[in-house]
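# What would the 3D arrangement of this be:
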Amino acid sequence: MCGIAGIFGPWARAPSLIEAMVESQRHRGPDDSGAHRDPDGTAALGANRLSILDLSPHGRQPMSDPEGRFWLAFNGEIYNYRELRSELEAHHRFRSQSDTEVLLAALVRWGPACLDRLIGMFAFLLWDEKEKRLLAVRDRFGVKPLYYHHRTDGTLLAASEIRALHAAGVARQADPVTWASYLARGLHDHSQRTFWEAIRTLPAGHLLEWRGGDLRIKRWYDLAERIGPEPDTSPIGEARERYRELLAESVGLRFRSDVPVGINLSGGLDSSTLLALVQRTGGAAREARAFTFVTGDPDYDELPYVEQMLAPTRHPLEVCRLSPDEVPELAAAVHEHQDEPFGGLPTLAYARLFEKAREAGVIVLLDGQGMDEQWAGYDYYARPQIPAEAHAVQGTRQSPVRPACLVPEFGAVAQPFGPPAPFGERLRDLQYRDCRFTKLPRALRFNDRVSMRASCELREPFLDHRLVELAFRQPAERKIRDGEGKWLLRELARELVPEGLVEAPKRPVQTPQREWLRGPLRGWAEEMIGLALDLRGGQWLDRDAVRREWQSFCGGEVDNSFFVWQWISLGLTYRRSAPIRP
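You can find the predicted model right below:
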């Protein structure tokens, strides 16, 4: 797990830029760092290393092949690296035990065709020093990030985080289209645009090729193409057994590590399933440290369910508590690392969890992200009457955004979003939208930044592409029955989860964000909203309308706080730096 950076073209000759990019991402890899420059000045690569596999200097990056032609800066994990290594040993003399070297050997041997062989999460930059060509790749679901800026002189800058591009001199200029789409429609992380002008994200499942200043982007993986339009018609027992086998294999692969591995738990079905699979992995996994977060509010906390789940096991539990007085300072720190608006108090609570894990010496953690998208777990999958804009927030029947609080000219800049519907079937098309454009991309960004902020690696065993593909192929009646999602997963969990372990009732929200923003955090929220109005009042925000909606929210007339957190996010952006340019 690392932070990667690269400059390709005229700017690569500036001696200090790659060092500035590497330094800005040191939290992503505090164990080591390195840089490589092409001898003729065409390219510069940098990497920060969080040592997970092969802790020796042999795993240092950027890494070259034996001939010195190819140079790789890699962020992520290739979980099936041992199996790939056994195929490659006849063609490559390995110097390390790292998955980085396996990936490099696979790219040299098979070229981009090797991507289909990879099981893992990854973003990487591969520089061909002979052909003066860059290949940049992002994994199937975008678990690992990759941002870039393409200048008019042909220079390409790429990095794991936006902050690295700013550190290299890319202007901090707000993208009004992205901000308008976010404030008016609740959309973010759904396209290549970011909240910063001229900074783009490489889409999940895509690769980028750069040569001589020219840029080409193409898709190498698409879920809809992989599974086809027709649902799975095999007997349900066969599908269940195959999925169970893949679950066990996926969790087992993600315990490959030379540093301690832990697990993140809530009280729900997904965590129950993950815990049961960890128990079946055996060995040290059965005693892996478990982590959960709480806020001290029994209406939201799931600690009793987690404790009940863990009672028959040998997993020690670390309880990570978030309190209201911690929020202002923590929100500013997390925003600094996110570079863009994030998901409110749940993200802050998760940030505390990773801090606690790092303090406990646990460097790798697993969680249960991805099951709701696979098995139709969100409420609106089973309830067509819920308005589309409410999908941005689980569990609300009201619109989560307030477009009427925007200056009309600014609101008109917001782009409509019409995701593709490749299946022609409401349920699977919604799942595809959430997996490819909405729910999953933003959750993965939030989680990547808060884990790497604490120099921890987060692994998502349920996002193994083989699991996602198999689940997506299942017909609707295997996902939703009697108005409840995850039907087949629940059936499978009855076989996996030990007797006595129960799941908590499905809860759309796990933190008292509404209550805190109306109560102990009201003064801080008003301060942040005031900063947002100082920054964009009269340009983006209608001051009087914002103040009316804020008073309505404080009076308890609203069932969600999504729009309030949007305004707080704008205030946090203002507070972080000098006023951003329009």
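# What segments of the stretch 101-250 of the chain are strands?
120-128, 133-138, 147-150, 156-159, 200-201, 206-211, 214-219 (DSSP state E, counting those that start in this stretch).
# residue nearest the centroid of the protein?
L444 (1.4 Å; C-alpha atoms, centre = their mean).
# about what we covered before: can you tell me which of the strands of the stretch 101-250 of the chain comes nearest to G483?
Among the strands of the stretch 101-250 of the chain, strand 120-128 comes nearest to G483, with 33.8 Å by C-beta to C-beta. C-beta coordinates here come from the backbone N, C-alpha and C atoms, glycine included.
# Okay, domains of the protein per the record?
Listed by automatic domain parsing, the domain ranges of the chain are 2-221, 225-496, 513-576.
# Same list (those) but as CSV, adding mean pLDDT.
Listed next are the domains of the chain as CSV, based on pLDDT from 0 to 100:
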stretch, mean pLDDT
domain 2-221, 96
domain 225-496, 93
domain 513-576, 95
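# residues in contact with stretch 397-406?
The contact list for stretch 397-406, computed with C-beta atoms under 8 Å, 6 or more residues apart in numbering, reads 180, 183-186, 386-387, 389-390, 392-393, 411, 414, 540-542, 545-546, 549, 558-560, 562-563, 566.
# in the chain, which helix has the most residues?
Determined from DSSP state H, the single longest helix within the chain is helix 236-253.
# Which strands and helices lie in contact with it?
Identification of packing neighbours for helix 236-253 by 3 or more C-beta pairs under 8 Å, 6 or more residues apart in numbering; DSSP states H and E yields helix 269-281, helix 465-472, helix 487-496.
# list the buried ones in it?
Of all the residues in helix 236-253, those buried under the rule 16 or more other C-beta atoms under 10 Å are 239-240, 243, 246-253.
# now do stretch 328-337
For stretch 328-337, by 16+ other C-beta under 10 Å, it's 328, 330-331, 334-335, 337.
# Kindly report the same for stretch 433-445.
433-445.
# next one: stretch 73-86
Buried residues in stretch 73-86, counted by 16+ other C-beta under 10 Å: 73-81, 84-85.
# Export only the CA atoms of it, formatted as CSV.
Extracted C-alpha coordinates of stretch 73-86, given in CSV (Å, rounded to 0.1, in the frame of the first residue of the first chain):
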residue,chain,number,x,y,z
ALA,A,73,5.0,3.0,-8.9
PHE,A,74,2.2,0.8,-7.4
ASN,A,75,-0.5,1.5,-4.8
GLY,A,76,-2.6,-1.4,-3.6
GLU,A,77,-2.5,-5.2,-3.2
ILE,A,78,-2.5,-8.1,-5.6
TYR,A,79,-4.0,-10.8,-3.4
ASN,A,80,-3.2,-13.7,-5.8
TYR,A,81,0.4,-12.7,-6.1
ARG,A,82,1.7,-16.1,-5.0
GLU,A,83,-0.3,-17.9,-7.7
LEU,A,84,0.9,-15.4,-10.4
ARG,A,85,4.5,-15.7,-9.2
SER,A,86,4.4,-19.5,-9.7
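# Centre of the chain to that stretch, how far?
Put simply, stretch 73-86 sits 20 Å off its chain's centre (C-alpha atoms, centre = their mean, to the nearest Å).
# and what of stretch 22-35?
Computed by C-alpha atoms, centre = their mean, the chain-centroid distance of stretch 22-35 equals 20 Å.
# who's R211 bridged to?
Beta-bridge partners for R211, by DSSP bridges, are R133, D214.
# That one: neighbour count?
R211 has 17 neighbours, counted by other C-beta atoms under 10 Å.
# and the following helix or strand past the longest helix of the chain, which strands flank it?
Following helix 236-253 in sequence order, the next helix or strand is strand 261-264 (DSSP states H and E). Take DSSP bridges as the rule and strand 261-264 pairs in its sheet with strand 290-294 (parallel), strand 364-366 (parallel).
# how about those strands, which one is nearest P176?
Of the strands paired with strand 261-264, nearest to P176 by C-beta to C-beta is strand 290-294, at 35.0 Å.
# That closest one vs helix 269-281, what angle?
With axes from the mean of the first three to the mean of the last three C-alpha atoms, to 10 degrees defining the directions, strand 290-294 sits at 160 degrees from helix 269-281.
# could I get the helix or strand following strand 290-294 in PDB with only the CA atoms?
Under the assignment DSSP H and E, the closest C-terminal helix or strand after strand 290-294 is helix 303-310. The C-alpha trace of helix 303-310 is given here as PDB (Å, rounded to 0.1, in the frame of the first residue of the first chain):
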ATOM      1  CA  LEU A 303     -21.900  -2.100  20.500                       C
ATOM      2  CA  PRO A 304     -24.300  -4.600  22.200                       C
ATOM      3  CA  TYR A 305     -24.700  -6.500  18.900                       C
ATOM      4  CA  VAL A 306     -21.000  -6.500  18.300                       C
ATOM      5  CA  GLU A 307     -20.200  -7.800  21.800                       C
ATOM      6  CA  GLN A 308     -22.800 -10.500  21.300                       C
ATOM      7  CA  MET A 309     -21.200 -11.500  18.000                       C
ATOM      8  CA  LEU A 310     -17.800 -11.700  19.500                       C
END
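# Could you identify the helix or strand that succeeds helix 303-310?
strand 317-321.
# Return the set of buried residues in that next one.
Using 16+ other C-beta under 10 Å as the test for burial, strand 317-321 gives 317-318, 320-321.
# immediately after that strand, which helix or strand?
Next helix or strand after strand 317-321 toward the C-terminus (DSSP H and E): helix 327-338.
# now, the most widely separated pair of the buried residues of stretch 73-86?
Every pair of the buried residues of stretch 73-86 checked by C-beta to C-beta; the farthest is A73 and N80, at 20.9 Å.
# A174 and W196 touch, don't they?
Yes. Contact criterion C-beta atoms under 8 Å: A174 and W196 qualify, at 6.7 Å.
# Next step: the contacts of stretch 397-406 restricted to helices.
180, 183-185, 411, 545-546, 549, 562-563, 566.
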